[in-house]
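generate coordinates for the sequence data below:
(chains A and B)
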Amino acid sequence: MTSAQVFLALIAALFLAPLAVGVLTGVDRRITARMQSRLGPPILQPFYDIGKLLGKEPMLANHWLAFCSFLYLAGAVTSVVLFFLQADLLLIFFVQAVGSVFLVIGALTVPSPYSQIGAHRELLQIIAYEPLLILVIVGIFLATGSFKIEAVYAMEQPLLFKLPLLFLVLGIALTIKLRKSPFDISASHHAHQEIVRGVYTEYSGPYLAIVEIAHWFEIVLILCLLSLFWSTGVVGLVLLLGITYFVEILVDNTTSRMTWRWMLGTAWITGITFSLINLLWLYYG
Amino acid sequence: MNMLSKFLQTSRIKSPWVLHFDCGSCNGCDIETLAVLTPVYDVERFGIINVGNPKHADVFLVTGTVNHRNKKVLKNLYDQMPQPRAVIAIGACGLSGGVFRDAPNVVGGVDKVIPVDVYVPGCPPKPEAIIDGVVKALELFAAKS
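Here you go, the predicted model:
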């Protein structure tokens, strides 16, 4: 990459992508409201929420919370920047994992039972989707022969035709990561008074805003991974992302939250079975 | 800088997250308060979200009479809310203690324990009146900052 390309990639990774996801979240809330026969908030509501939180008085139970929220953001931002610089997929995966673990560490530093239970539920979510992400990355390696993102862009056929089942597996990981039903075990977008928001209990004001922005970066990363499945054309890519996201909203509004045992069982059994079938087919086919 | 502070000001008005505390009410006011959050009134169109956590809340809705047992809880919840914040007392009991004001265990209205910004009268107040109260509190936010 030339230095001008690197500069453009940095601008896109640091500003354009999170802003786009902010708008996408607003559209998501609006469509969700319509599906529940409500009017819904303005499209820019996520930005108002962030702005308000940033303007609040900082109030902390201990300093680890601030430290952990910043590291969560740093992990998420670094993984997205690495993706836009077309780095190694495995490296991106592990940087992302480090970031999301710091959210849990922050919640665990406070003895509040809400925060503790919330942190455990978030950990269970991480356990549920991390193997699936690794399997997807292994599938991309088997299809392209490299962990580099450049290798995917060098393909002539979209990856979707080679890895259709792994795309579904990534869909499960996306549902968990987007905090959508039936996998909204920790931090749903609907249940604001319940224990599922436990992991956010102790983050307040500007630190909650930082956690929310970091979450946007995580969504950027997962959508970027999805976009790898249609790397040959912009129209197909946008269509694929749009349809996938709409299906996510539909699933969120038509299913109910299940227990974490069910989540682990379903995510692992369907995810690993689908991945194995796809990988074997790729290996011997 | 000016544009940024303007944006912060707008978002403060556009995104009030409310915390609802039943301070020994008969549940009449609570039913009306929660009715505001249903699809019929849908206050999410104003960015209002009912959070169960004082650390995330901007507006504090209190219903019912304050007594000697729960006044500590009320004060504790208020202290955990970061600035800027607004308190709305809802219903006759929250305003003055209502019909229970002379009872020996009753302290009185919410303003005996924490400062109240907006009073919403009624027994119980209509959901429209509660929405009006929250809008009044948001105007105070704009004036405060």
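
tell me which stretches of the chain form helices.
All of this refers to chain A. A:3-11, A:17-35, A:45-54, A:63-84, A:89-108, A:113-144, A:149-153, A:159-162, A:164-177, A:206-227, A:234-254, A:260-284 (DSSP state H).

switch to chain B, that's the one I care about
B:2-14, B:28-35, B:71-80, B:91-96, B:127-144.

ranking these by burial, who's on top?
helix B:91-96 (a mean of 25; mean count of other Cβ atoms under 10 Å in any protein chain shown). For every residue, glycine as well, the C-beta is placed using N, CA and C.

about what we covered before: so which of the helices of chain A is nearest chain B?
Chain B sits nearest to helix A:45-54 of all the helices of chain A, at 3.1 Å, using Cβ to the nearest Cβ.

how about residues contacting the closest one?
With contacts defined as Cβ atoms under 8 Å, 6 or more residues apart in numbering or on different chains, helix A:45-54 is touched by A:22-23, A:25-26, A:29, A:42, A:205-206, A:208-209, A:212-213, B:7-8, B:10-12, B:14-15, B:47, B:58.

returning to that earlier point: so which of the helices of chain A comes closest to B:Gly52?
Nearest to B:Gly52 among these is helix A:113-144 (9.3 Å), distances taken as Cβ to Cβ.

what's the average pLDDT for that closest one?
Across helix A:113-144, the average pLDDT comes to 90.

likewise stretch B:30-39?
pLDDT averaged over stretch B:30-39 gives 87.

likewise stretch B:48-60?
88.

and what of stretch A:165-184?
For stretch A:165-184, the per-residue pLDDT averages 88.

how about stretch A:4-15?
Here the average pLDDT along stretch A:4-15 is 83.

run the chain-centre distance for it.
In this view, stretch A:4-15 has its centroid 20 Å away from the chain centroid, taken as Cα atoms, centre = their mean, to the nearest Å.

contacts for it next, please.
A:Met1, A:Val77, A:Val80, A:Val81, A:Phe83, A:Phe84, A:Leu85, A:Val220.

just the CA trace of that stretch, in CSV.
Only the C-alpha atoms of stretch A:4-15 are listed here, as CSV (Å, rounded to 0.1, in the frame of the first residue of the first chain):
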residue,chain,number,x,y,z
ALA,A,4,-1.8,7.9,0.5
GLN,A,5,-3.8,4.6,0.5
VAL,A,6,-2.8,4.1,4.2
PHE,A,7,-4.0,7.6,5.0
LEU,A,8,-7.3,7.0,3.3
ALA,A,9,-7.7,3.6,5.0
LEU,A,10,-7.0,5.2,8.4
ILE,A,11,-9.6,7.9,7.8
ALA,A,12,-12.2,5.3,6.7
ALA,A,13,-11.4,3.0,9.7
LEU,A,14,-11.3,5.7,12.4
PHE,A,15,-14.1,8.1,11.3
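
returning to that earlier point: I'd like the contacts of stretch A:4-15 as TSV, with distance to chain B, pLDDT and neighbour count appended.
What follows is the contacts of stretch A:4-15, written out as TSV (distance: Cβ to the nearest Cβ, whole Å; pLDDT from 0 to 100; neighbours: other Cβ atoms under 10 Å in any protein chain shown):
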residue	distance to chain B	pLDDT	neighbour count
A:Met1	33	71	11
A:Val77	21	92	21
A:Val80	24	92	26
A:Val81	24	91	19
A:Phe83	29	90	24
A:Phe84	26	89	21
A:Leu85	29	88	15
A:Val220	22	91	24
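
neighbours of A:Tyr200, how many?
Look at A:Tyr200: counted by other Cβ atoms under 10 Å in any protein chain shown, it has 27 neighbours.

residues in contact with the residue found closest to it once you drop the neighbours it is linked to in the chain?
Once flanking residues are discounted, A:Tyr200 sits nearest to A:Ala187: 6.0 Å by Cβ to Cβ, 6 or more residues apart in numbering or on different chains. Contacts of A:Ala187 were listed using Cβ under 8 Å, 6+ apart, and they are A:Gly118, A:Glu122, A:Arg179, A:Val196, A:Arg197, A:Val199, A:Tyr200.

same thing with A:Ile277?
A:Leu165.

who's in contact with the residue most central in space within chain B?
Ranked by distance to the mean C-alpha position of chain B (Cα atoms, centre = their mean), the top residue is B:Leu61 at 1.9 Å. B:Leu61 is in contact with B:Val18, B:Leu19, B:His20, B:Phe21, B:Thr33, B:Ile88, B:Ile90, B:Ile130, B:Val134, counting by Cβ under 8 Å, 6+ apart.

a markdown table for the residues you listed, including distance to A:Ala267?
Converted to a markdown table, the contacts of B:Leu61 look like this (distance: Cβ to Cβ, whole Å):
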| residue | distance to A:Ala267 |
| --- | --- |
| B:Val18 | 34 |
| B:Leu19 | 34 |
| B:His20 | 35 |
| B:Phe21 | 37 |
| B:Thr33 | 38 |
| B:Ile88 | 43 |
| B:Ile90 | 43 |
| B:Ile130 | 41 |
| B:Val134 | 40 |
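
tell me which residues are up against stretch A:86-106.
So stretch A:86-106 is contacted by A:1, A:64-65, A:67-69, A:71-76, A:78-79, A:82-83, A:119, A:122-123, A:126, A:130, A:133-134, A:137, A:140-141, A:147-150, A:153, A:199, A:202-203, A:211, A:214, A:218, A:221 (Cβ under 8 Å, 6+ apart).

buried residues, it. List them.
Under the neighbour-count criterion of 16 or more other Cβ atoms under 10 Å in any protein chain shown, stretch A:86-106 has A:86-87, A:89, A:92-93, A:95-97, A:99-104, A:106 buried.

same check on stretch A:118-128?
Buried, per 16+ other Cβ under 10 Å, within stretch A:118-128: A:Gly118, A:Ala119, A:His120, A:Arg121, A:Glu122, A:Leu123, A:Leu124, A:Gln125, A:Ile126, A:Ala128.

near chain A, which residues of chain B show up?
B:7-8, B:10-12, B:14-15, B:39, B:42, B:44-47, B:49-53, B:55-56, B:58, B:80, B:82-84, B:145 (Cβ under 8 Å from any Cβ of the partner chain).
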